[in-house]
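*Asks:* have a look; sequence and predicted model below, questions after that.
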Amino acid sequence: MASTKQLKGQVAIVTGADSGIGKAVAIALGAAGATVIINHVSCDENADAVVAHIKKAGGKAYAYHADVSREDDVKAMFAFTIKKYKTVDILVNNAGLQKDALLIDMSLDDWNTVIGVNLTGQFLCSREAAKEFIRRGVVKNRSAAAGKIICMSSVHEVIPWAGHVNYAASKGGVGMFMKSIAQELAPHKIRVMGIGPGAIQTPINEDAWETPQALNKLLKLIPYNRIGQPEDIGKLAVWLASDEADYITGTTIFIDGGMTLYPGFADNG
């Protein structure tokens, strides 16, 4: 890992940064020297608490309310950031949600809501970020790249998940979206990468780890035998956004303790 301020002077937008993985990513980027826009849609108090945390540690942050599934909201967020901070260097497409149901019970609204936030939101934010990266180009002594886009995916980019077809479809879409825009934007010196978390201990999946019985069941899917922490994702996001990872683009890095190794086959070779 590079020095603690490897993102000094850069501006980052992290969507869905008021809790869970997004919060940890925002805090890590702030500790690495970036000015961080804390995008949120649900709770002003939580977003303000993340801003306060970053500022207390000596960083810079600002909370901005926007629904990433709404084009006007996304355009306004980028316009505000560029006006206030002159540019944007890093986008972390983290905002996501689940509305789980069996296929035969899933409503069209539940399908559209998840696809709208998890996939369309990444499209809208990435489009606005790419416009700014191309306009500005590479800035000497700032970053080797003109811009960096990190798309938060999931192990369910590749692992099917019955009962969660909208979520799994959205993450599978994120994987191909990320690769396609990485191919398109690489000639502009813009890097695009995915992060595919496995089981991370956040409020969104509390029922999977809140009791010893639930945790033991979950750990059967994780060869490394521990649940992930949001800070694990934050550290990876900082590294991917830094010049240490300058030759990485167009790939998803799974951070899952081995969940994508399909451990059910470990003793069935």
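*Replies:* Perfect, thanks for sending it.

*Asks:* phi, psi of residue 10?
*Replies:* When read as degrees, to the nearest 10, the backbone of residue 10 gives phi -100, psi 160.

*Asks:* i'd like the first residue to be 22 from this point on
*Replies:* OK, 22 is where the count begins now, so the last one is residue 31.

*Asks:* give me the distance between the residue lying closest to it once chain neighbours are set aside and residue 137.
*Replies:* With sequence-adjacent residues excluded and distances taken as Cβ to Cβ, 6 or more residues apart in numbering, residue 31 is closest to residue 110, at 3.9 Å. C-beta here means a position set from N, CA and C on the backbone, and glycine is covered the same way. Distance, residue 110 to residue 137, by Cβ to Cβ, to the nearest Å: 26 Å.

*Asks:* just to revisit the earlier point, check contacts around the residue nearest to residue 31.
*Replies:* The contact partners of residue 110, taken as Cβ atoms under 8 Å, 6 or more residues apart in numbering, are 28, 31-33, 55, 163-164, 168-169.

*Asks:* from residue 57, how far off is it?
*Replies:* Using Cβ to Cβ, one gets 11 Å for the distance from residue 110 to residue 57.

*Asks:* list residues touching both of those two?
*Replies:* With Cβ under 8 Å, 6+ apart as the test, residue 110 and residue 57 both reach residue 33.

*Asks:* using CSV, write out every CA atom in whatever helix or strand residue 169 lives in.
*Replies:* Per DSSP states H and E: residue 169 is located in strand 168-173. Only the C-alpha atoms of strand 168-173 are listed here, as CSV (Å, rounded to 0.1, in the frame of the first residue of the first chain):
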residue,chain,number,x,y,z
GLY,A,168,-10.1,9.8,-14.2
LYS,A,169,-11.1,6.7,-12.4
ILE,A,170,-14.5,4.9,-12.2
ILE,A,171,-15.0,2.1,-9.7
CYS,A,172,-18.2,0.1,-10.1
MET,A,173,-19.4,-1.7,-7.0
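
*Asks:* tell me the strands beside that strand, with direction?
*Replies:* strand 111-114 (parallel), strand 211-218 (parallel) (DSSP bridges).

*Asks:* buried residues in it?
*Replies:* In terms of neighbour count (16 or more other Cβ atoms under 10 Å), strand 168-173 has its buried residues at 168-173.

*Asks:* out of those, which comes closest to residue 65?
*Replies:* residue 173 (22.2 Å; Cβ to Cβ).

*Asks:* what's near enough to touch that closest one?
*Replies:* 42-43, 113-115, 117, 195, 215-216, 218.

*Asks:* residues in contact with residue 229?
*Replies:* Residues in contact with residue 229 (Cβ under 8 Å, 6+ apart) are 220, 235-236, 238-239.

*Asks:* export those to a markdown table and tack on neighbour count?
*Replies:* Shown next, in a markdown table, are the contacts of residue 229 (neighbours: other Cβ atoms under 10 Å):
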| residue | neighbour count |
| --- | --- |
| 220 | 20 |
| 235 | 14 |
| 236 | 15 |
| 238 | 12 |
| 239 | 17 |
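
*Asks:* can you show me the CA trace of stretch 62-79 as PDB?
*Replies:* Extracted C-alpha coordinates of stretch 62-79, given in PDB (Å, rounded to 0.1, in the frame of the first residue of the first chain):
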ATOM      1  CA  VAL A  62     -30.800   9.600  -0.700                       C
ATOM      2  CA  SER A  63     -32.300   8.400   2.600                       C
ATOM      3  CA  CYS A  64     -30.900  10.000   5.800                       C
ATOM      4  CA  ASP A  65     -29.300  13.400   6.100                       C
ATOM      5  CA  GLU A  66     -28.100  12.600   9.600                       C
ATOM      6  CA  ASN A  67     -26.100   9.600   8.600                       C
ATOM      7  CA  ALA A  68     -24.500  11.500   5.700                       C
ATOM      8  CA  ASP A  69     -23.600  14.400   8.000                       C
ATOM      9  CA  ALA A  70     -22.000  11.900  10.400                       C
ATOM     10  CA  VAL A  71     -19.800  10.500   7.700                       C
ATOM     11  CA  VAL A  72     -18.800  14.100   6.700                       C
ATOM     12  CA  ALA A  73     -18.000  14.900  10.400                       C
ATOM     13  CA  HIS A  74     -15.900  11.700  10.700                       C
ATOM     14  CA  ILE A  75     -13.800  12.600   7.700                       C
ATOM     15  CA  LYS A  76     -13.300  16.200   8.800                       C
ATOM     16  CA  LYS A  77     -12.400  15.100  12.300                       C
ATOM     17  CA  ALA A  78      -9.600  13.000  10.800                       C
ATOM     18  CA  GLY A  79      -8.300  16.100   8.900                       C
END
